[in-house]
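# just coords:
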DNA sequence: TTGCATCTACGAATAGATTCGTATATTTGA
DNA sequence: TCAAATATACGAATCTATTCGTAGATGCAA
């Protein structure tokens, strides 16, 4: 039950999780400097968000030195899975295919990507 | 600018839009009876939500008779497009392919659906 | 050592979404 | 006809997310 909540992070939390998933371990300042590129909120805002995420159990933190170090506790793939399934249900009436087509249709996709998907589908059919 | 906001309906608004997109025209009661199956909130809650959606321009309403009749003004495909693109960016770091694979991997997809997607990809490659 | 920069903690303001209670008007059926 | 059912309107409570200011602690450099 605790986990179920965490699978649906807020938008701000997701932005931070993205960074932690990519970087591994980060200080608040690390995260904040990356966030600043796309939005302009203060340092203490980022700090507060990460503190809340820690309370919720979304991240772990190492407080052994003055500057705390954070890591994502939430599993990236599980979170992605949960969010994508939710979107299929809520936005595409349960049809994964429709979502996929919508996604590939507009969001300019390279040929390499398309081929990768084709291969993936072939493997999927074999089962 | 007005439209840009509407492309991102809240979760409750999206639930209602889904119903309106499917049914076409609905009264508040129509919508509420469908919503009730999956959640338990009062009738006046649904009413209020739909009134707010009308204020925002998400729906039109015909008030010629006592019981008002609502219709979606928001375009379904545009909304889907917007939401799916947003998810690709926010959750999958901009990789449509990764999202597609994640979507098809778990969300049990029928062979028919997979074949439909394959055909779609073939057409896409030809361009 | 002392002052400046940097860090955490925390309370509180703000904004938006959601929910419901109540008042009031209209319809309808016994 | 008139009482019950059903509609809308609307204010307000509640909840959550986001934001920031300020206070106090710590580290560092001149």
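Now that the structure is in, tell me what you want to look at. In this text the structure is predicted, and so the values were computed from the model without any measurement. Numbers count the residues shown, from 1 in each chain, chains lettered A, B, ... in the order given.

# How confident was the prediction at residue A:93?
pLDDT recorded at residue A:93 is 87.

# I figured it hits residue B:17, correct?
No: the criterion here is Cβ atoms under 8 Å, and residue A:93 misses it with residue B:17 at 11.5 Å. Where C-beta positions appear, they are placed from N, C-alpha and C, glycine not excepted.

# the more surrounded of those two?
Higher neighbour count among residue A:93 and residue B:17: residue B:17, with 21 against 12, using other Cβ atoms under 10 Å in any protein chain shown.

# and the helix or strand hosting the more buried one with DNA strand D, contact?
Using DSSP states H and E, the element containing residue B:17 is helix B:11-23. No: figure legend: helix B:11-23 not in contact with DNA strand D (Cβ under 7 Å from any atom of the strand); closest approach 11.2 Å.

# On the C-terminal side of that helix, identify the next helix or strand.
Past helix B:11-23, the next helix or strand by DSSP H and E is strand B:25-26.

# Just the buried residues of the helix holding residue B:17, please?
For helix B:11-23, a neighbour-count test (16 or more other Cβ atoms under 10 Å in any protein chain shown) marks B:12-21 as buried.

# which residues in chain A form helices?
For chain A, applying DSSP state H gives helices covering A:2-6, A:11-23, A:28-38, A:43-56, A:76-91, A:96-106, A:111-126.

# what's the most buried one of these?
The highest average neighbour count among the helices of chain A, using mean count of other Cβ atoms under 10 Å in any protein chain shown, belongs to helix A:96-106 at a mean of 21.

# What angle do helix A:76-91 and it make with each other?
100 degrees (axes from the mean of the first three to the mean of the last three Cα atoms, to 10 degrees).

# Indicate whether helix A:96-106 makes contact with chain B.
Yes: Helix A:96-106 is in contact with chain B by Cβ under 8 Å from any Cβ of the partner chain, via A:96-97, A:99-106.

# Check those against residue A:32 and report the nearest one.
residue A:103 (31.0 Å; Cβ to Cβ).

# And the pLDDT for that closest one?
90.

# So it sits against residue B:86, correct?
No: at 11.1 Å, residue A:103 does not count as touching residue B:86 under the criterion of Cβ under 8 Å.

# about what we covered before: name the nearest of the buried residues of helix B:11-23 relative to DNA strand C.
Comparing the buried residues of helix B:11-23 against DNA strand C with Cβ to the nearest atom of the strand picks out residue B:12 as the nearest, at 3.4 Å.

# The closest one touches residue B:48, doesn't it?
No: Residue B:12 is not in contact with residue B:48 according to Cβ under 8 Å; the separation is 10.1 Å.

# Spell out which residues of chain A are next to DNA strand C.
A:27-29, A:43-44, A:47-48, A:51, A:63, A:66-68.

# redo that, cut-off 6 Å
A:27-29, A:44, A:47-48, A:51, A:66-68 (Cβ under 6 Å from any atom of the strand).

# can I see the domain layout of chain A?
Chain A breaks down into these domains under automatic domain parsing: A:3-72, A:76-126.
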